[in-house]
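1. Below is the sequence, then the predicted model.
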Amino acid sequence: MKKVALLATALAMVSGSALAADMHVKAVKAPPPPAFDPWDVAFGAALMNDYVFRGVTQSNHKPSVAAYFEPRYNINKDVQLYIGAAGESISFPNRAAAEIDIYGGIRPTVGMFAFDFGVWGYLYPGGKCYNAAALPGSGIPGSEIGCAVSPFGNSDPVTGGLPINGNFAKKSASFYEVYGKVLVTINDQFAVGVNEYYSPNFLNLGAWGNYASITGKWTAPSTTFGSSGVGMYISGEFGRQWLGTSDIFYGIAGDPVFAGGIKEPSYNTWNIGVGFTYKVFTLDIRYSDTNLSKGNCNAFTSDYSTTNSSPAFITPINGGANAVTAFGSNWCGATGIVKLSADLTAMSNLK
């Protein structure tokens with residue numbers, strides 16, 4: 001009887017298992033994919049010891065703060081529309097103390113190629129005119145009553161322009177550029193880019209401007225600093241700024257060749273640096289330089305701060321043919337830039 005009972009028990013277990021295997025198991029329904037939200041917003045701020053734009057300081061080699069706000073609309077995962085506004089503190093010859101940027105464009109992505117096409121406007125509110133000859137009725141572009149000699153205007157009574165060095169500066173330096181860029185992401189570590197910008201009136205000088213550059217970036221493996229969350233990269237850029245001839249506002253008095261304006265100096269610029277990232281923060285340490293001479297830099301920038309004068313700074317566009325001495329500027333020379341920034345997007349950082 002004991003053997004019969006054990007056999008019956010075994011048969012029951014086997015048949016129970018078989019019946020269980022034949023039963024249909026109800027599948028667990030997968031959660032629906034998250035709804036595609038086409039909207040996003042990027043924003044951030046930065047503090048730097050020097051605001052340098054294409055190799056030229058915009059802050060007189062003094063600290064600068066910056067911030068930006070950029071709403072984005074993703075048509076799909078490969079095409080993004082955007083508009084934005086940004087601001088930087090500056091120190092311009094015309095006494096403008098802020099740069100306000102308004103921009104917008106489209107960013108299509110095709111495989112490893114990320115394109116960016118748009119328009120960028122640079123506004124410099126609060127400027128003043130420094131050129132005593134540029135009075136209403138003179139026919140000089142940029143003329144207005146504020147160009148008159150102090151105390152009726154802004155120009156220095158001795159130099160007829162900016163104090164000390166006599167450089168000229170228009171009340172408005174605002175301008176716009178159209179641009180096209182492409183970034184090629186080769187892999188997780190290497191990326192290269194090509195950039196092109198064009199303005200019909202660069203810095204309101206009356207001269208067209210064309211800037212082209214190539215960029216490169218190496219991003220260190222995420223394990224470089226262990227599990228600390230710290231990232232690192234090395235990046236650089238080489239560019240050339242081509243410039244046309246200015247209008248008569250910046251002409252050289254007494255020099256018949258440049259009385260109607262000066263041929264603004266085209267130049268090369270380059271920078272290289274290392275950056276460290278942690279969450280939304282980036283610390284970037286960079287070296288920047290150009291091949292502009294101090295004399296041509298003074299002519300191009302209208303540096304208001306330079307007091308350095310020497311016959312060595314005379315160039316065809318700085319001082320003129322009859323000059324015995326001229327001012328030189330260090331606004332275009334080698335400089336180190338340390339920048340601490342925070343960059344966030346609503347979809348990634350504010351959920």
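-> In hand now; what should we look at?
2. ok, residue 228 - how many residues close by?
-> 9 (other C-beta atoms under 10 Å). All C-beta atoms are positioned from the backbone trio N, CA, C, and that covers glycine.
3. Quick check: phi and psi on it?
-> Phi and psi for residue 228, reported as degrees, to the nearest 10, are phi -70, psi -20.
4. Quick check, pLDDT for it.
-> Residue 228 carries a pLDDT value of 96.
5. now the one 5 residues further on
-> Looking at residue 233, its pLDDT stands at 98.
6. Verify the stated contact: it with residue 221.
-> No. Counting by C-beta atoms under 8 Å, residue 233 stays clear of residue 221, with 11.1 Å between them.
7. who has more neighbours, the two?
-> residue 233 (17 against 10).
8. pretty sure residue 336 contacts residue 287?
-> Yes. Counting by C-beta under 8 Å, residue 287 is a contact partner of residue 336 at 5.8 Å.
9. Skipping adjacent residues, who's closest to residue 305 in space?
-> Spatially, and ignoring its direct neighbours in sequence, residue 305 is nearest to residue 60 (5.5 Å; C-beta to C-beta, 6 or more residues apart in numbering).
10. Which of the three states applies to that neighbour?
-> coil (DSSP: H, G, I helix; E, B strand; the rest coil).
11. Now do the phi/psi pair for it.
-> Main-chain torsions, residue 60, degrees, to the nearest 10: phi 60, psi 40.
12. What's opposite the most centrally placed residue in the chain in the beta bridge?
-> Centre of the chain computed as the mean C-alpha position; nearest residue by C-alpha atoms, centre = their mean is residue 53, 7.2 Å away. Applying DSSP bridges to residue 53 gives these bridge partners: residue 56.
13. how close does it get to residue 279?
-> 28 Å (C-beta to C-beta, to the nearest Å).
14. before we move on, what about residue 98?
-> Residue 98 is 29 Å from residue 279, by C-beta to C-beta.
15. Tell me which of the two has more neighbours.
-> The residue with more neighbours, out of residue 98 and residue 279, is residue 98; 14 against 11, by other C-beta under 10 Å.
16. Next up, phi/psi of the more buried one, please.
-> Dihedral angles (degrees, to the nearest 10) for residue 98: phi -150, psi 150.
17. and if you look at residue 270?
-> Dihedral angles (degrees, to the nearest 10) for residue 270: phi -150, psi 160.
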